[in-house]
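In: Provide a 3D model corresponding to the input given below.
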Amino acid sequence: MSRTTERVEKIIVVGGGSAGWMSAAYLMKATNFQTTVQLIESPNIPRIGVGEATLPSIKEQLFDFLEIPEEVWMPKCNATYKMGIKFVNWRLSPEQGGDKYYHIFGEMPSLEGFPLSQIWYDLKRQGLDKPLDYACHTSPYLCDNFKSPKYLDGKSAVHAAYHFDASLIADFLKNWCLEKGVSYIQDDLLSAEQAENGDIEYVIGAEGDKYAADLFIDCTGFRGFLIDEVLNEPKISFSKSLLNNSAVAINVPNNGDTDIPPYTSATAMTTGWTWETPLKDRKGNGYVYSNDFQSAEDAEKELRQLLGPKSDGINARHVKFESARRRRSWVNNCVSIGLASSFLEPLESTGLYFVYAALYQLAEHFPTKSMSPALRDKFNAKISYMVDDVRDFIVLHFCTSPREDTAYWRANKYDLEISDSLQGILDLQKAGIPIKRTYRSNEALYTSFEAAFDRFWTNSNYQSILAGVDYMPEMTTPMLNYYPDIFGRAQDVISQVEAESKELMDKLPSHYEYLETLAKPALQGT
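Out: Residues are numbered from 1 along each chain as shown. Model prediction:
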């Protein structure tokens, strides 16, 4: 048999939305436009459209891969920049005075191979009053002053991700796909026909039309039409580790406000947390909570109280979910992507990352028509590791919070199911050892996707959260005892970070000003 007859000739993506159109675009490009890609979408199923924040790797691993520059897609998707996440009241309740810290993108400085965070813990014990985020990063100063992460000439000053309208990004990628030759069909798929070996031969529409393919991509969201209803692949639930299972969202207009925060906000509430993702024309707001501790009506009321009069008259949208992943994301000749594969509560904005990371792994393990079990197994192992690793990182936020002012926060502190892998991380923190190796190159997280996939969260990420809630090590790295001059040198580095921050604040435009400049080529039709 020739290579041509062995290869996958046709791919059907079932379901639209951001996951579906990302999948169609990525696979069209990954197969060098040599494979037929067809997307079938129901005209009667609304998009979820809640997640609107991302991680920095989306630029290199999706948009650069598709050869779509920022000035083309960002203005059309009401996009803004995101230097990190601002966590509010995760250590102290509002009644206790509240608190805030930033989880910033990018690696912190190091000295003699020691991350500055580990030295900072010693300095804090010696009386240093500068928080870790401001001691180690320039971005918190920029965030406080609503600065752009880029100079007006487009050169990057600091690492950043994006906020954007999820519906608009789906529409943008849909148009890109149609221009590149992706076939588009609207139909309500009701069932599927399977071969004797369990492979899906074709899916069947509302009028009996049959659509055949070699490879099927399930992007049907929580429904999991193929992976669940047809192939019956079970989920592994994380509900004992992540208590939140509901969300209520309200989008508030910007009303001409030019102070656009270059960060996502995550504010701890009585039974969960609220997000704010600032877009150019509006702010996406919502409350992620546990309905075991609060009703949907009370959650909406609490969110509206936080937002104040600007939410009056705006309808709220309620969503229920479960933090879980499929036991296997790839079964037979069907690969589930996005919500059909896994979902973790959106605290660290990893939903879209799961989509393009899975597509990258699918391209790396792309099959022939025979669907090699070895390729499937390797892909599934990669996806399982990715989701479980992110799960641990998100659980870390809740189990290390010292808040005990409500039953919800007490349950997070004392009752969560902690995985062995997360317990190992907590033990390392108490022992004062860096949790995961910091990359030698600050670019490694964003240019080496395979390395980042296997170890996405580094010591810098973990220390941002742990220091933010004052989860201190019992001792600092023992090897520091042999570098007595390192503490003075660390003080110099911290002073340099502050000086660099002041210089950047003088030179960088405001976030709004840069976005206006970015929009001009698109407005001119170029």
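
In: What are the boundaries of the strands in the stretch 1-150 of the chain?
Out: All strands of the stretch 1-150 of the chain, identified by DSSP state E, counting those that start in this stretch, fall at 10-14, 36-41, 80-82, 84-88, 100-104, 110-111, 114-115.

In: Output those strands as TSV; include the columns distance to Val395, mean pLDDT and mean neighbour count.
Out: Just so you know, the C-beta spots here come from the backbone N, C-alpha and C atoms, and that holds for glycine as well. Converted to TSV, the strands of the stretch 1-150 of the chain look like this (distance: least, CB to CB, whole Å; pLDDT from 0 to 100; neighbours: other CB atoms under 10 Å):
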stretch	distance to Val395	mean pLDDT	mean neighbour count
strand 10-14	32	98	25
strand 36-41	34	98	22
strand 80-82	22	97	26
strand 84-88	15	98	23
strand 100-104	15	98	23
strand 110-111	27	94	19
strand 114-115	22	93	20
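
In: Tabulate these in CSV, adding columns for distance to Thr406.
Out: Shown next, in CSV, are these (distance: least, CB to CB, whole Å):
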stretch, distance to Thr406
strand 10-14, 41
strand 36-41, 42
strand 80-82, 29
strand 84-88, 16
strand 100-104, 19
strand 110-111, 39
strand 114-115, 34
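
In: Which one, of the ones you listed, ends up nearest to Asp281?
Out: strand 80-82 (10.1 Å; CB to CB).

In: What pairs with that closest one, parallel or antiparallel?
Out: If you go by DSSP bridges, strand 80-82 pairs up with strand 161-163 (antiparallel).

In: what's in contact with the partner strand?
Out: 52-56, 58-59, 74, 79-83, 105, 264, 277-279, 284, 349 (CB atoms under 8 Å, 6 or more residues apart in numbering).

In: cutoff 7 Å now
Out: Strand 161-163 has contacts (CB atoms under 7 Å, 6 or more residues apart in numbering) with 52-56, 58, 79-82, 105, 264, 277-279.

In: Who wins on neighbours among these?
Out: Glu52 (33 neighbours; other CB atoms under 10 Å).

In: Would you confirm that that one contacts Trp275?
Out: No - the criterion here is CB atoms under 7 Å, and Glu52 misses it with Trp275 at 8.8 Å.

In: quick one: Ser93 from Glu41, how far?
Out: 44 Å (CB to CB, to the nearest Å).

In: By mean pLDDT, flag the weakest helix or strand of the protein.
Out: Scoring the helices and strands of the chain by mean pLDDT, DSSP states H and E places helix 444-447 at the bottom, with a mean of 45.

In: Just the closest of the contacts of strand 161-163 to Leu508, please.
Out: So of the contacts of strand 161-163, ranked by how close each gets to Leu508 (CB to CB), first place is Tyr81, at 11.2 Å.

In: how about the nearest residue to that closest one, chain neighbours excluded?
Out: Distances taken as CB to CB, 6 or more residues apart in numbering put Ala160 closest to Tyr81, at 4.5 Å, once the chain neighbours are dropped.

In: May I have the helix or strand encompassing Leu352 as CSV, with CA atoms only?
Out: Assessed by DSSP states H and E, Leu352 sits inside helix 351-364. C-alpha atoms of helix 351-364 as CSV (Å, rounded to 0.1, in the frame of the first residue of the first chain):
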residue,chain,number,x,y,z
GLY,A,351,-9.3,26.4,28.7
LEU,A,352,-8.0,27.6,25.3
TYR,A,353,-4.5,26.4,26.1
PHE,A,354,-6.0,22.9,26.4
VAL,A,355,-7.3,23.3,22.9
TYR,A,356,-4.2,24.3,21.0
ALA,A,357,-1.9,22.2,23.2
ALA,A,358,-4.0,19.1,22.3
LEU,A,359,-3.9,20.1,18.6
TYR,A,360,-0.1,20.4,18.8
GLN,A,361,0.1,16.9,20.3
LEU,A,362,-2.3,15.5,17.7
ALA,A,363,-0.1,16.9,15.0
GLU,A,364,3.0,15.4,16.7
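
In: need the helices for the stretch 201-350 of the chain, in chain order.
Out: Residue ranges of the helices in the stretch 201-350 of the chain, as given by DSSP state H, counting those that start in this stretch, are 296-307.

In: ok, longest helix in the chain?
Out: Taking DSSP state H as the criterion, the chain has its longest helix at helix 373-399.

In: Tell me the helix or strand right after it.
Out: Next along from helix 373-399, by DSSP H and E: helix 407-414.

In: Tell me which other helices or strands that following helix touches.
Out: On a contact count with 3 or more CB pairs under 7 Å, 6 or more residues apart in numbering; DSSP states H and E, helix 407-414 meets helix 373-399.

In: which strands and helices sit next to the helix it packs on?
Out: Right, helix 373-399 is packed against strand 330-331, helix 351-364, helix 407-414, helix 420-431 by 3+ CB pairs under 7 Å, 6+ apart.

In: in the protein, which ranges drop under the pLDDT threshold?
Out: 1-5, 47-51, 437-456, 521-526 (pLDDT under 70).

In: Please report how far the most centrally placed residue in it lies from Arg7.
Out: For the chain, Thr350 is the residue whose C-alpha lies nearest the centre (CA atoms, centre = their mean; 2.0 Å). As judged by CB to CB, Thr350 and Arg7 stand 32 Å apart.

In: can you check Gln96 too?
Out: The value you get for Gln96 to Arg7, if CB to CB is used, is 62 Å.

In: Give me the more crowded residue out of these two.
Out: Ranked by neighbour count (other CB under 10 Å), Gln96 and Arg7 place Arg7 first, with 15 against 11.
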